[in-house]
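> Coordinates for the following, if possible.
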Amino acid sequence: MSNTLKVNTSELRKAIPSLKAGDKILLSGIVYTSRDAAHKRITTLLDEGRTLPFDLQDAIIYYAGPTPAPEDKPIGSCGPTTSSRMDKFAPRLLDLGLCAMIGKGERNQTVRDAIVRNKAVYLCAIGGAGALASHCITSCEVIAFEDLGCESVKRLTFKDFPLIVANDCFGGDIFSIGRKEYCIK
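Numbering: from 1, shown residues only. The predicted structure is shown next:
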C-alpha cells in the first residue's frame, strides 16, 4: 500500500485517476449517508422524475446508519454497513454522476463495471469501529426521510476520515489482490 493521501470531497473526482486499489486516504468534506431503505426511496424518486434530496453529481454516499448523537457530539457511532446490499442500486446512481461509495465488503461485478465505466471509486471504511469513526465527523444534519430514523439520509462533514481504495477506476480490486497475495481461492 502507498502512503496516505489527504483528499477533500470537492477534489475527489479529480483525484480518482491517481487512486489505485489498496491506497489509503484521509477524506474530508461533505458526504451523504444512505442505506437500503433510503436507496429504495431515492430510486422511487428517480422513477417518478422527482427531485432528489441531494445532487448526485460528484456526490459521495456512505453506507451507514449512525446512532443518535450523545450530548455535546454531532453524531453517535457511525460505522459502515455491508455494501453488497446496495449493489442493485449502485450502477444507476453511478451512471447519474455519483463519484464514490463508502462501505465495507466486496461489490458485485456489475457494480465494479459501473465504477470503471463512470471513472468512480469504491472506498472501504473499517468495520466494527463506528465509535472511532464518529470522531472524524464534525457535523450531521438529516436532509431526507426523517421517518427512517438511523437510515434517514444525512449530510455529514468528514475531517480526515480514514479509508482504503477497494475498487479503483481501472478495475483494480483489493479483494482480488488480497486473495492472490495470500493464495486464497
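> which is the next helix or strand following the longest helix anywhere in the chain?
The residue-count maximum for a helix in the chain (DSSP state H) belongs to helix 36-47. Next in sequence after helix 36-47, counting helices and strands by DSSP states H and E, comes strand 60-62.
> in its sheet, what does that following strand sit against?
Note on strand 60-62: by DSSP bridges, its sheet partners are strand 24-33 (parallel), strand 100-103 (parallel).
> Highest mean neighbour count out of the ones you listed?
strand 100-103 (a mean of 26; mean count of other CB atoms under 10 Å). Where C-beta positions appear, they are placed from N, C-alpha and C, glycine not excepted.
> Relative to the whole chain's centre, how far out is it?
2 Å (CA atoms, centre = their mean, to the nearest Å).
> sorry, back to before: how about the strands paired with strand 60-62 in a markdown table, adding distance to T82 and mean pLDDT?
Compiled in a markdown table, the strands paired with strand 60-62 are given as follows (distance: least, CB to CB, whole Å; pLDDT from 0 to 100):
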| stretch | distance to T82 | mean pLDDT |
| --- | --- | --- |
| strand 24-33 | 14 | 98 |
| strand 100-103 | 7 | 98 |
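> Format those strands as JSON lines; extra columns: distance to A64.
JSON lines is the format used below for those (distance: least, CB to CB, whole Å):
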{"stretch": "strand 24-33", "distance to A64": "5"}
{"stretch": "strand 100-103", "distance to A64": "8"}
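> Compare those and report which one is nearest to L12.
Nearest to L12, of all the strands paired with strand 60-62, is strand 100-103, at 6.0 Å by CB to CB.
> could you dump the lowest-mean-pLDDT helix or strand in the chain to PDB, C-alpha only?
Counting by mean pLDDT, DSSP states H and E, the chain has its least confident helix or strand at helix 174-181, which shows a mean of 80. Listed in PDB are the C-alpha atoms of helix 174-181, where the atom choice follows Å, rounded to 0.1, in the frame of the first residue of the first chain:
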ATOM      1  CA  ILE A 174      -8.400  -5.000  -3.300                       C
ATOM      2  CA  PHE A 175     -10.300  -8.200  -2.500                       C
ATOM      3  CA  SER A 176      -8.900 -10.000  -5.500                       C
ATOM      4  CA  ILE A 177      -5.400  -8.600  -4.800                       C
ATOM      5  CA  GLY A 178      -5.600  -9.800  -1.200                       C
ATOM      6  CA  ARG A 179      -6.700 -13.300  -2.200                       C
ATOM      7  CA  LYS A 180      -3.900 -13.600  -4.700                       C
ATOM      8  CA  GLU A 181      -1.300 -12.200  -2.200                       C
END
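> what's it in contact with?
With CB atoms under 8 Å, 6 or more residues apart in numbering as the test, helix 174-181 has contacts from A21, G22, E106, C124, I164, V165, A166, N167, I184, K185.
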